[in-house]
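Asks: pasting a predicted model and its sequence here:
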Amino acid sequence: MELAMTVGLAVFQIAIVMGVVLLSVAYMTYAERKVLSFMQDRLGPMEVGPYGLLQPIADGLKLFFKEDIIPSSANKLIFAIAPIICLVPALIGFAVMPYNETYAAFGGEAGVISDLNVGLLYILAFASVGTYGVILAGWSSNSKYAMLGGLRCGAQIISYELALGLSIVGVLLLSGSLSLREITMAQDGGFWHWNILLQPVAFVTYVISAVAETNRLPFDMPEAESELVAGFFTEYTGMRFAFFFLAEYANMILVCCLASVLFLGGYEAPMEFLNFIPGFIWLAIKTWALLFFFIWIRGTFPRVRFDQLMKFGWKVLIPITLANILFTALGVYIYNN
Amino acid sequence: MGLMRDIFMTELMGGMKLVFLQMFKPSCTLQYPHVKHNVPDGYRGLMSLLRYEDGSERCVGCSLCEAACPSNCIKVVSDEVPGQPLVRYAKEYYLDITRCVFCGFCTEACPVDALAMTKVYEASVYDRRELMFDKHKLYELGEAHLADGKAYLLAHNMDDGTLNPTEGLGDNRYEFPPVDLGEGVPVPTTVGLTREALEAEVAKS
Ligand code: SF4
Ligand code: SF4
């Protein structure tokens, strides 16, 4: 009985979190199209439902009913597995994300599916597994564009994951924990306790590497339309294509969620008197603000060249993050003594 | 100074600010099937044949349009009006609009201003045979779009607005007065909710 309750509760939590994440993914595509349109003096989707609000659902249905084509010279098994390898790590990261202080409604302790003590490492590790999906998709398609896209993705993610990980180290030094919940709790009590004020450089480098990490413009080398048709998923159609699409947007939401937790206080309200608003709403607001930023830079900047991308990653971002770690460590040492 | 600019990414921030402000400017999209452009009078749409005020056919079957047509899409079968020797008319008149290049030469060639172009530009049909216009269809179009046809002839200086071909009027037929078309005009549609939303949008911008 006890076991059944635990399992049932876990499944229920997972269902809710997955539902919210997938719905956010769907409406992220809508928001992206709308915001980009407004930035370009257009209207964006307007036909399906009022102001085109049902467009993501129509798109999903369309993708679902599309013909599934596997190229005859593709490696069928890997071709079929790659989208799943890509999608699962993107979704699995949400398991350690703290959404709320508690969920009193269900008698639970912490507002997180699983409060891993190495939650941050877990997310970083799975983010790297997602790269395998991309590279395998590129390789198994047996197409030069897909191959180049996959290879670029591999090179890019390895370089930027370094910068991403190193920019997080500063936060770790400050809060002394790898559990996302404890990192959030360390930022309790108003926005002046948020890590962004102590780690502004780390925040900037984190956001830049997160954009590169999720293959978004201006760093969307793996799928650069004008060069590689559609990059690693050139040969994919229907639901398999939708999986990559979901993975890209879920990854975006994940890194934005992580940025809110690490730098912007997660579910904590910016001021004490705003505490009556539930924590998960604060988390959603912060995440969507960052997502808006992602769309914003997509609307502003042209794609960088691949060598510029690599140069920027290795010669600018990584030295900056290393210097940041050095200064943070010194600061923490002096403060503690 | 340059270093400071690099560190704070001044140029990039300027670009981002510009894009952000652009978001609040009204959009210039015209919601096409719901809202249509105002079409200028000189617009070259589907071809039509016109009648006189008393209802008689203007076309005298001279085949000049057939001769003028660069893409050979007009075929006129001319005949005498029964009982009226020397008075001719087009017994049959075929116009293959799929081959028409909408140059308007036929309307210029016509000595009696029988041909005029309408503002109909949505010509797609499911059956190509519907685009082989015969005399009946052309007169039908002319009746339905008489005002547009007259406006066309006036705009191209082929007519003084009374549908009386006048000598010398055609001399400056390629000089168009500038027209201010303004905003598009909303057209009725069946999608109730969307339309209201749209009209609100149009009214806003
Ligand atoms: S518009 Fe030009 S192509 Fe078309 S029927 Fe007239 S003369 Fe021929
Ligand atoms: S339309 Fe005009 S040019 Fe053509 S046959 Fe009739 S009268 Fe002649």
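Replies: Perfect, thanks for sending it. What you see is a predicted model; the values in this text were computed from it and never measured. Residues are numbered from 1 along each chain as shown, chains lettered A, B, ... in the order given. Ligands and ions are numbered 1, 2, ... in the order given.

Asks: lowest average confidence, helix or strand, in chain A?
Replies: Sorting the helices and strands of chain A by mean pLDDT, DSSP states H and E puts helix A:225-228 at the bottom, at a mean of 73.

Asks: packing partners of that one?
Replies: For helix A:225-228, the packing partners by 3 or more CB pairs under 8 Å, 6 or more residues apart in numbering or on different chains; DSSP states H and E come out as helix A:144-175. Bear in mind the C-beta positions are built from the backbone N, C-alpha and C, glycine included.

Asks: residue A:216 against residue A:252, yeah?
Replies: Yes. The criterion here is CB atoms under 8 Å, and residue A:216 meets it with residue A:252 at 6.7 Å.

Asks: overlap in contacts, the two.
Replies: residue A:294 (CB atoms under 8 Å, 6 or more residues apart in numbering or on different chains).

Asks: next SSE downstream of the least confident helix or strand of chain A?
Replies: Following helix A:225-228 in sequence order, the next helix or strand is helix A:238-263 (DSSP states H and E).

Asks: what angle do that next one and helix A:144-175 make?
Replies: Comparing the axes of helix A:238-263 and helix A:144-175 via axes from the mean of the first three to the mean of the last three CA atoms, to 10 degrees yields an angle of 20 degrees.

Asks: number of residues surrounding residue A:141?
Replies: Counted with other CB atoms under 10 Å in any protein chain shown, the neighbours of residue A:141 add up to 26.

Asks: sorry, slip of the keys, the one I care about is residue B:146.
Replies: 16.

Asks: now it: how far from residue B:112?
Replies: Note on residue B:146: its distance to residue B:112, by CB to CB, to the nearest Å, is 16 Å.

Asks: if we can go back for a sec, of residue A:216 and residue A:252, which one has the most company?
Replies: The neighbour count for residue A:216 versus residue A:252, taken as other CB under 10 Å, is higher for residue A:252 (26 against 21).

Asks: these two touch, right, the more buried one and residue A:31?
Replies: No. Residue A:252 lies out of contact with residue A:31 (CB under 8 Å); the separation is 11.2 Å.

Asks: common neighbours of those two, please.
Replies: residue A:291.

Asks: which residue ranges of the stretch 51-200 of chain A form helices?
Replies: Secondary structure of the stretch 51-200 of chain A (DSSP state H, counting those that start in this stretch): helices located at A:55-65, A:76-92, A:119-140, A:144-175, A:180-186, A:195-198, A:200-213.

Asks: low pLDDT regions in chain A?
Replies: A:102-112, A:224 (pLDDT under 70).

Asks: the residue of it found nearest ligand 2: how many residues sit nearby?
Replies: Nearest to ligand 2, among the residues of chain A, is residue A:47, at 41.7 Å (CB to the nearest ligand atom). Residue A:47 has 15 neighbouring residues, counting by other CB under 10 Å.

Asks: same check on residue A:68?
Replies: Number of residues near residue A:68 (other CB under 10 Å) recorded here: 11.

Asks: what sits against it?
Replies: Residue A:68 sits next to A:237, A:238, A:239, A:240 when contact means CB under 8 Å, 6+ apart.

Asks: same thing but 6 Å
Replies: Contact analysis of residue A:68 by CB atoms under 6 Å, 6 or more residues apart in numbering or on different chains lists residue A:238.

Asks: low-scoring stretches of chain B, by residue?
Replies: B:1, B:157-205.

Asks: up against ligand 2, what does it have?
Replies: With CB under 6 Å from any ligand atom as the criterion, chain B meets ligand 2 at residues B:59-65, B:76, B:90, B:109-110, B:112, B:114-115.

Asks: ok, and the most crowded of these?
Replies: Busiest of these [other CB under 10 Å] is residue B:115, holding 30 neighbours.

Asks: ok, the closest residue to that one other than its chain neighbours - how many residues close by?
Replies: Nearest-residue entry for residue B:115: residue B:107, 4.5 Å, with adjacent residues in sequence omitted and distances by CB to CB, 6 or more residues apart in numbering or on different chains. Residue B:107 has 23 neighbouring residues, counting by other CB under 10 Å.

Asks: shouldn't residue B:107 be in contact with residue B:113?
Replies: No. If you go by CB atoms under 6 Å, residue B:107 and residue B:113 don't touch, sitting 7.7 Å apart.

Asks: can you pull the contacts of residue B:149?
Replies: Contacts for residue B:149 (CB under 6 Å, 6+ apart) come out as B:48, B:50, B:116, B:142.

Asks: elements contacting the host helix or strand of the last one?
Replies: The one in question is residue B:142. Assigned by DSSP H and E, residue B:142 belongs to helix B:135-144. When contacts are defined as 3 or more CB pairs under 6 Å, 6 or more residues apart in numbering or on different chains; DSSP states H and E, helix B:135-144 sits against strand B:47-49.

Asks: in which helix or strand does residue B:38 reside?
Replies: Per DSSP H and E: nothing holds residue B:38, as it lies in no helix or strand.

Asks: give the contact list for residue A:124.
Replies: So residue A:124 contacts residue A:165 (CB under 6 Å, 6+ apart).

Asks: what's the spacing between it and ligand 1?
Replies: For residue A:124, the distance to ligand 1 equals 67 Å [CB to the nearest ligand atom, to the nearest Å].

Asks: residue A:285 too?
Replies: 60 Å.

Asks: tell me how many other residues surround the residue nearest to residue B:43 when sequence neighbours are not counted.
Replies: Nearest in space to residue B:43, with sequence neighbours left out and distances taken as CB to CB, 6+ apart, is residue B:119 at 5.1 Å. Counted with other CB under 10 Å, residues neighbouring residue B:119 total 21.

Asks: can you give me every residue that contacts residue B:119?
Replies: Applying CB under 6 Å, 6+ apart, we find residue B:119 in contact with B:39, B:43, B:45, B:148.

Asks: between those residues, which sits nearest ligand 1?
Replies: Closest to ligand 1, out of all of those and judged by CB to the nearest ligand atom, is residue B:45, at 10.3 Å.

Asks: hang on, that closest one packs against residue B:123?
Replies: No. If you go by CB under 6 Å, residue B:45 and residue B:123 don't touch, sitting 8.1 Å apart.

Asks: which strands or helices does whichever helix in chain A runs longest pack on?
Replies: Scanning chain A for the helix with the most residues, using DSSP state H, yields helix A:2-39. Here helix A:2-39 touches helix A:55-65, helix A:238-263, helix A:279-300, going by 3+ CB pairs under 6 Å, 6+ apart.

Asks: just the endpoints, please. Distance across stretch B:64-82?
Replies: End-to-end distance for stretch B:64-82, by CA to CA, to the nearest Å: 22 Å.

Asks: meant to ask about stretch B:3-18
Replies: 23 Å.

Asks: just how off-centre is it within its chain?
Replies: Distance of stretch B:3-18 from the chain centroid (CA atoms, centre = their mean, to the nearest Å) equals 49 Å.

Asks: that older thread, among the helices and strands packed on helix A:2-39, which comes closest to chain B?
Replies: For chain B, the closest of the helices and strands packed on helix A:2-39 is helix A:279-300, at 4.5 Å, according to CB to the nearest CB.

Asks: for burial, what's the neighbour tally of the closest residue to residue A:186 other than its chain neighbours?
Replies: Closest residue to residue A:186 apart from its sequence neighbours, by CB to CB, 6+ apart: residue A:175 at 4.1 Å. Residues lying near residue A:175 (other CB under 10 Å) number 18.

Asks: residue B:16 too?
Replies: 17.
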